[in-house]
Structures are given as C-alpha cells and as structure tokens.
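S.K.: below: sequence and its predicted model.
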Amino acid sequence: MTNREFHQQLLDELNRRYEKVKLGGGLKNIEKHKAKGKLTARERIDYLVDAPNDFVEVGAFVGDGMYPDEGGCPSGGVVIGIGKVSGRQCVIVANDATVKAGAWFPITAKKNLRAQEIAIENQLPIIYLVDSAGIYLPLQADVFADKEHFGRIFRNNAVMSSMGLLQVAAIMGSCVAGGAYLPIMSDEALIVEGTGSIFLAGPYLVKASIGEDVDAETLGGASTHCEISGVTDNKYPDDPSCLDAIKRIFDRLGHSPEAGFDRIVPAPPQKSPEEIFDLLPADRNKPYDMREIIERIVDNSEFEEYKQLYGQTLLCGYARIDGWSVGIVANQRKMVKAKKGSGNEMQMGGVIYSDSADKAARFIMNCNQKKIPLVFLHDVTGFMVGSRSEQGGIIKDGAKMVNTVANSVVPKFTFIIGNSYGAGNYAMCGKAYDPRLIYAWPTAQLAVMSGASAAKTLLQIQVATLKAKGQTIDPEVEKELLSDITNRYNEQLSPYYAAAHLWTDGIVHPLDTRRIISAGIEAANHAPIQKPFNVGVIQT
C-alpha cells in the first residue's frame with residue numbers, strides 16, 4: 001500500500017464518521033424534529049452564517065463511544081464553532097434536540113464551556129440557538145454541582161456580559177429549569193412562536209409541586225414571555241425569521257480594537273498541498289522531512305528558519321499562512337546531525353534534545369516580542385532520555401521550553417500530525433497549555449507513550465509482580481497478555497478517543513489546516529494583548 005492509499009483510507013474513515021455524526025440522533029428523530037416545523041441544529045447554523053463552508057466546527061466527535069448504556073451522545077448533543085454572521089466573526093452554539101431532546105450530558109457541559117472559553121479568549125460575540133430539555137437526569141451527579149459543570153455556563157454568561165461581549169440567544173425549542181437562565185442572562189433573547197418555550201419547571205413538575213394544571217404554551221410560550229412577563233424581547237413565527245433577526249443584530253454591531261497581528265495578501269503554497277499524502281509515511285516510525293510538510297502549508301512555500309544548524313530536531317521559523325504572519329515550531333522527524341562535542345554523531349527525529357528545547361524557548365520569546373502568533377506541529381515521541389541527556393541538563397532545558405510555552409501571550413495554534421507522547425505533548429503546546437485551537441490529523445496519536453512501549457512496560461510490571469510471589473507465566477500466556485494490553489492501549493491512542501473527550505477540538509482533513517489557522521488568527525485578532533510577556537524564573 002502506498003502512502004497516499006494509506007491516507008485515503010484514513011480520510012474515508014473520517015468522512016464516514018463525520019457523516020454519521022451529522023445525523024445527530026438519527027433519521028427517525030430528525031423526521032420527528034422537522035415535523036414540528038423546526039430546522040435541525042446544523043440547518044440553523046447553515047442558514048445563519050454567511051458561508052457554511054467556512055464554519056470552523058469545534059468538537060464534532062465529542063462524546064463518541066462514551067455513553068453506550070445511554071444510547072450514545074453524538075457530538076455531545078450540541079454543535080459549536082466559529083463562523084461569520086453579517087460579516088462579523090462569532091461563536092455559535094446550537095443544541096441538537098434530536099439527541100435526547102438536547103439534554104445535557106457531562107460532556108455536553110464541557111463542550112459548551114469550551115465554546116464560551118473560545119469567545120472569552122478571542123473577545124468574540126456568541127450566539128446560543130437554544131433547544132434543550134436541560135440536564136440529563138440519570139447522569140445529573142456528573143454534570144450538576146462541580147466547578148466545571150452546568151452552573152459554570154451561567155457564571156460565564158455574567159462574566160462575559162461584564163466584559164462587554166455580546167450574547168444573543170434564540171429560544172427555538174425547549175428551555176427548561178436551570179437552563180432557562182442562559183438565554184435570559186444574554187443581552188438579547190428572541191423566541192420562536194409555537195416551538196419555543198422557557199420555564200423553571202414544566203407542566204408536569206408544576207402539577208406535582210403545586211397542583212396547578214397548565215399547558216406549556218401558557219406556562220412559558222412566546223406570547224407569555226413577550227406580552228406578559230417581559231422575559232423575552234421579541235417573538236418570531238418560525239426558525240428562519242428568528243435567525244434573520246439575529247443577522248440584523250450583527251449587521252449593526254460596532255467595531256472593537258484589534259490586536260494588530262500582521263496580514264498581507266494571501267498566497268497559496270507553491271508546492272502542491274496534495275503531496276502531503278505522498279510525503280507523510282504510512283509507517284509512523286519511518287523518518288521524513290517535516291520541512292516538506294511545512295512548505296505545503298505556508299504561503300508561497302516560504303519558510304525562513306531560525307537557528308537552522310542548531311537544535312535540528314525542532315524546526316523553528318517564520319512564514320505566512322493565508323497572509324497572516326506566524327512563527328512555526330515543528331518536530332523534525334528525520335535523523336539530523338548532533339551538535340559538536342555532544343558525543344553523538346546523529347540525533348533521532350521526533351525527539352526533543354537539550355539544544356532543540358533551548359532553541360525553541362528562545363524562538364518563542366522572539367515571537368512574543370514581535371507579536372507573531374505561534375503554530376505548533378506535533379510529531380513528537382518525547383524528550384531524550386539516558387545518562388548523557390540527564391547529565392546534559394535535559395530537564396532544565398525542557399523546563400525552559402515548557403515555561404515559555406505556558407507564559408506565551410501571543411495566540412497559539414496546535415496541530416497533531418503524528419505522535420504526541422509524554423512531556424513532548426506539553427512542550428509542543430498540548431491542550432493543557434491553552435492553544436486557541438487544537439486539532440488532530442487522522443494520523444495523530446496522543447498518549448504518555450506509544451502503544452508498544454506502554455504495553456511492554458505494563459507487562460514487565462505484571463511479570464515482576466508474579467515473580468515476587470514465586471509464580472511464573474507461560475510464554476504463550478505472556479504473548480496473549482501483551483496483545484490484550486497493546487490493543488486496549490492503542491484504542492486510547494486513537495485521535496477519535498482524544499476528540500471524544502475534547503482533548504482536541506476535532507479531527508480535520510490536512511488540507512483544511514490553512515483555513516483553520518487563518519480563521520483562528522482572525523478570531524484572536526479581536527483580542528488585544530493585555531498582559532506583558534514574562535517567563536518568571538528560568539534556569540540557564
């Protein structure tokens with residue numbers, strides 16, 4: 001099988017999985033939903049945004065395989081992303097009522113918080129298209145009371161309002177119990193007649209609590225809240241007219257200061273991006289030249305390297321992506337020459353050595369000094385280990401790199417192309433280091449270490465435990481045990497496992513990388529840098 005054929009198989013799988021995700025709760029539930037005169041969550045977004053193909057979805061694979069006993073929770077029961085409405089970039093959150101009536105699972109709360117985080121970091125307005133039955137009661141203990149649970153959403157509503165970030169909510173279906181606060185804590189609350197309803201307790205709970213018989217429309221429908229309670233601002237006869245009203249709101253928005261990231265007229269790569277599928281090996285242990293990948297992502301295929309002959313297992317340099325000036329930090333996967341006096345002739349690709357960590361730290365400082373956004377491209381197996389590396393201060397140099405990544409004030413964007421193992425994930429701006437967006441290619445793997453290494457380590461521990469008890473293990477049993485451990489671990493290495501748990505914002509076609517970075521920097525440009533760059537104490 002050629003490299004291209006291997007990648008095509010992965011892309012076919014990505015397309016199959018995404019098409020299934022887009023069906024939400026399934027065709028039968030979609031039919032029931034539309035029979036009520038409602039658009040689906042994705043149809044609402046497509047109608048609302050200026051260019052549906054430019055919408056950057058976040059968390060499409062969230063919840064994948066996570067709730068088998070509950071019948072699943074495709075996409076976490078909510079669709080979120082960054083798009084433009086009336087020419088204005090914003091975050092959009094749309095409940096998918098075809099998935100358990102839009103009820104909130106634990107992962108739903110995490111995904112909604114991610115949407116608000118993106119809005120806050122980038123100073124973007126946010127639109128909520130509300131259609132939800134509230135907390136999924138069988139799992140309420142995992143979604144109700146903790147700091148990062150359901151209530152954090154409303155806390156963020158208040159904080160975002162105090163920051164001056166516009167929040168617009170359209171009540172297009174159910175909006176029940178605590179969830180009723182979300183639209184009413186927004187700046188504008190619109191409601192659709194006949195389908196939208198909002199109340200703290202529904203008709204059944206009202207009957208059980210105080211004995212009152214009342215229908216949903218009288219209790220909390222559009223007429224009640226627009227004409228009597230004043231809870232909502234305006235009502236609309238159907239979904240499209242409500243969404244048109246949101247477009248008019250955004251058409252009148254004032255403008256805010258920008259961060260000032262540099263952009264010129266975009267230019268496509270001179271080298272064909274399609275060649276990535278020939279260059280990136282099917283065998284993840286096989287070396288390749290990361291420069292060739294970079295040159296098929298950046299404008300004019302121009303990449304100006306920083307300290308080209310030093311610390312060569314990390315590529316650092318300047319480029320433009322869709323016109324935006326960026327600094328790129330990428331793992332070099334081919335074998336390279338070691339620095340003089342190191343005692344080695346060559347260094348292994350994909351491994352971070354002391355000199356490369358030192359180089360990257362300095363480069364990141366420079367990008368912060370110049371207000372240049374950072375792009376990290378992962379294919380890293382970790383930091384170099386062994387007595388020579390320890391004596392050479394690998395921990396000190398690795399800490400220096402981690403420190404600069406953590407304290408960087410320019411926006412960071414992370415793409416996991418291949419391996420992302422151990423502390424290498426941290427140093428290359430993994431999820432814990434606040435990238436504005438983090439996506440994986442279908443070839444990605446995330447874990448403490450590779451499946452083979454982890455399985456051998458775990459097997460050695462089990463064998464040693466048995467020996468300590470005076471027991472032995474049959475070679476065939478040992479082989480079977482190794483296979484079981486490897487398979488179990490490899491399942492968790494999958495980019496889909498990471499995306500399901502929102503360790504990444506999703507899995508993308510490699511040729512979408514430029515578009516996502518460009519949209520991400522455009523979003524980040526709405527948020528002027530307020531904090532000075534300071535790394536604190538660094539051991540040199």
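M.R.: Arrived safely, thanks for sending.
S.K.: okay, CA-based contacts and neighbour counts for the rest of this
M.R.: Will do.
S.K.: what is the neighbour count of residue 71?
M.R.: Using other C-alpha atoms under 10 Å, residue 71 has 12 neighbouring residues.
S.K.: and for residue 41?
M.R.: Residues contacting residue 41 under the criterion other C-alpha under 10 Å number 25.
S.K.: same check, this time on residue 278
M.R.: Other residues near residue 278 come to 14 when the count uses other C-alpha under 10 Å.
S.K.: how close does it get to residue 89?
M.R.: Counting by C-alpha to C-alpha, to the nearest Å, the gap from residue 278 to residue 89 is 35 Å.
S.K.: what's next to the strand or helix carrying residue 420, contact-wise?
M.R.: Assessed by DSSP states H and E, residue 420 sits inside strand 412-421. Identification of contacts with strand 412-421 by C-alpha atoms under 8 Å, 6 or more residues apart in numbering yields 284, 373-382, 428-430, 434-450, 517, 520.
S.K.: for stretch 469-484, same thing?
M.R.: With contacts defined as C-alpha under 8 Å, 6+ apart, stretch 469-484 is touched by 455-456, 459, 463, 466.
S.K.: output that stretch as PDB - backbone C-alpha positions only.
M.R.: Once non-C-alpha atoms are left out, stretch 469-484 reads as follows in PDB (Å, rounded to 0.1, in the frame of the first residue of the first chain):
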ATOM      1  CA  LYS A 469       5.100 -14.000  44.600                       C
ATOM      2  CA  GLY A 470       7.100 -17.000  43.400                       C
ATOM      3  CA  GLN A 471       4.800 -17.500  40.300                       C
ATOM      4  CA  THR A 472       5.800 -17.900  36.700                       C
ATOM      5  CA  ILE A 473       3.900 -17.100  33.500                       C
ATOM      6  CA  ASP A 474       3.700 -19.300  30.400                       C
ATOM      7  CA  PRO A 475       5.300 -17.700  27.300                       C
ATOM      8  CA  GLU A 476       2.000 -18.200  25.300                       C
ATOM      9  CA  VAL A 477       0.000 -16.600  28.100                       C
ATOM     10  CA  GLU A 478       2.600 -13.700  28.200                       C
ATOM     11  CA  LYS A 479       2.200 -13.200  24.500                       C
ATOM     12  CA  GLU A 480      -1.600 -13.100  24.700                       C
ATOM     13  CA  LEU A 481      -1.400 -10.700  27.700                       C
ATOM     14  CA  LEU A 482       0.900  -8.400  25.700                       C
ATOM     15  CA  SER A 483      -1.500  -8.400  22.800                       C
ATOM     16  CA  ASP A 484      -4.500  -7.600  25.000                       C
END
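S.K.: how far out from the middle of the chain is that stretch?
M.R.: Relative to the chain's own centre, stretch 469-484 is displaced by 40 Å; criterion: C-alpha atoms, centre = their mean, to the nearest Å.
S.K.: among the contacts of strand 412-421, which ones are in helices?
M.R.: Those of these mapping onto helices are 517, 520, per DSSP state H.
S.K.: any of the contacts of strand 412-421 buried? List them.
M.R.: Among the contacts of strand 412-421, those classed as buried by 16 or more other C-alpha atoms under 10 Å are 373-382, 428-430, 434-450, 517, 520.
S.K.: what are the ranges of the strands in the stretch 51-200 of the chain?
M.R.: In the stretch 51-200 of the chain, the strands defined using DSSP state E, counting those that start in this stretch lie at 56-58, 78-85, 88-95, 126-132, 167-176, 188-192, 197-199.
S.K.: what's the angle from the longest one to strand 126-132?
M.R.: Just to be clear, that refers to strand 167-176. 10 degrees (axes from the mean of the first three to the mean of the last three C-alpha atoms, to 10 degrees).
S.K.: ranges for the helices of the stretch 201-350 of the chain?
M.R.: Using DSSP state H, counting those that start in this stretch, the helices of the stretch 201-350 of the chain run over residues 203-210, 216-220, 222-223, 239-251, 276-279, 290-294.
S.K.: kindly export the fourth one (C-alpha atoms) in CSV.
M.R.: Think helix 239-251. C-alpha atoms of helix 239-251 as CSV (Å, rounded to 0.1, in the frame of the first residue of the first chain):
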residue,chain,number,x,y,z
ASP,A,239,-36.9,29.5,12.7
PRO,A,240,-35.8,31.4,9.5
SER,A,241,-37.4,34.7,10.6
CYS,A,242,-35.8,34.4,14.1
LEU,A,243,-32.4,33.7,12.5
ASP,A,244,-32.9,36.7,10.1
ALA,A,245,-33.4,38.9,13.2
ILE,A,246,-30.0,37.7,14.6
LYS,A,247,-28.4,38.6,11.2
ARG,A,248,-29.8,42.2,11.6
ILE,A,249,-28.5,42.5,15.1
PHE,A,250,-25.0,41.6,13.9
ASP,A,251,-25.2,43.8,10.9
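S.K.: circling back: would you list the contacts of stretch 469-484 in a markdown table and tack on neighbour count?
M.R.: Formatted as a markdown table, the contacts of stretch 469-484 follow (neighbours: other C-alpha atoms under 10 Å):
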| residue | neighbour count |
| --- | --- |
| 455 | 22 |
| 456 | 15 |
| 459 | 19 |
| 463 | 14 |
| 466 | 13 |
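S.K.: just those: which are in helices?
M.R.: 455-456, 459, 463, 466.
S.K.: can you list the domains in the protein?
M.R.: Domain assignment for the chain by the TED database gives 25-251, 273-444+504-526, 450-493.
S.K.: closest one to residue 258 among those domains?
M.R.: Among the domains of the chain, domain 273-444+504-526 comes nearest to residue 258, with 4.9 Å by C-alpha to C-alpha.
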